[in-house]
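Enquirer: Please work out how this folds:
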Amino acid sequence: MENNRASYIPSLDLHGMDREITRILVKEFIHDSYKMGYETVIIIHGIGTGVLKNTVREILKREKMVKNFYLDFFNIGTTVVKLKK
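Expert: Alright, predicted model coming up:
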């Protein structure tokens, strides 16, 4: 049986969430993904007014497990996060 984990990228969709819930969900998602050994994860915050995107960026800047992050070139409502090994 093939290991499909290599082709799977976990994602978190924050549509409809407020800032406080976003903070909790993003931290848990990053910590869980790191523990599971994922190197790349996706956070979907949408475009909107930028409140969720800015909240996500604030959190990611402080997380020690995050190597770097950037907006997806093809979908600016999505942030791609690279985790440390």
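Enquirer: Please tell me how far stretch 76-85 is from the chain's geometric centre.
Expert: Mean C-alpha position of stretch 76-85 versus that of the full chain (CA atoms, centre = their mean, to the nearest Å) differs by 5 Å.
Enquirer: Give the buried residues for it.
Expert: Buried residues in stretch 76-85, counting neighbours by 16 or more other CB atoms under 10 Å, are found at 77-81, 83. Where C-beta positions appear, they are placed from N, C-alpha and C, glycine not excepted.
Enquirer: Which of those fall within strands?
Expert: When the buried residues of stretch 76-85 are checked against strands using DSSP state E, the ones located there are 78-81, 83.
Enquirer: what pLDDT does Ala6 get?
Expert: Taken from the predicted model, the pLDDT recorded for Ala6 is 58.
Enquirer: no, scratch that, I was asking about Thr40
Expert: Predicted confidence (pLDDT) for Thr40: 97.
Enquirer: cool, and Arg23?
Expert: In this model, Arg23 carries a pLDDT of 97.
Enquirer: returning to what we had before: output the buried residues of stretch 76-85 in JSON lines; the columns should cover distance to Met65 and pLDDT.
Expert: Output for the buried residues of stretch 76-85, formatted as JSON lines (distance: CB to CB, whole Å; pLDDT from 0 to 100):
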{"residue": "Gly77", "distance to Met65": "23", "pLDDT": "96"}
{"residue": "Thr78", "distance to Met65": "19", "pLDDT": "97"}
{"residue": "Thr79", "distance to Met65": "15", "pLDDT": "98"}
{"residue": "Val80", "distance to Met65": "15", "pLDDT": "98"}
{"residue": "Val81", "distance to Met65": "9", "pLDDT": "98"}
{"residue": "Leu83", "distance to Met65": "6", "pLDDT": "98"}
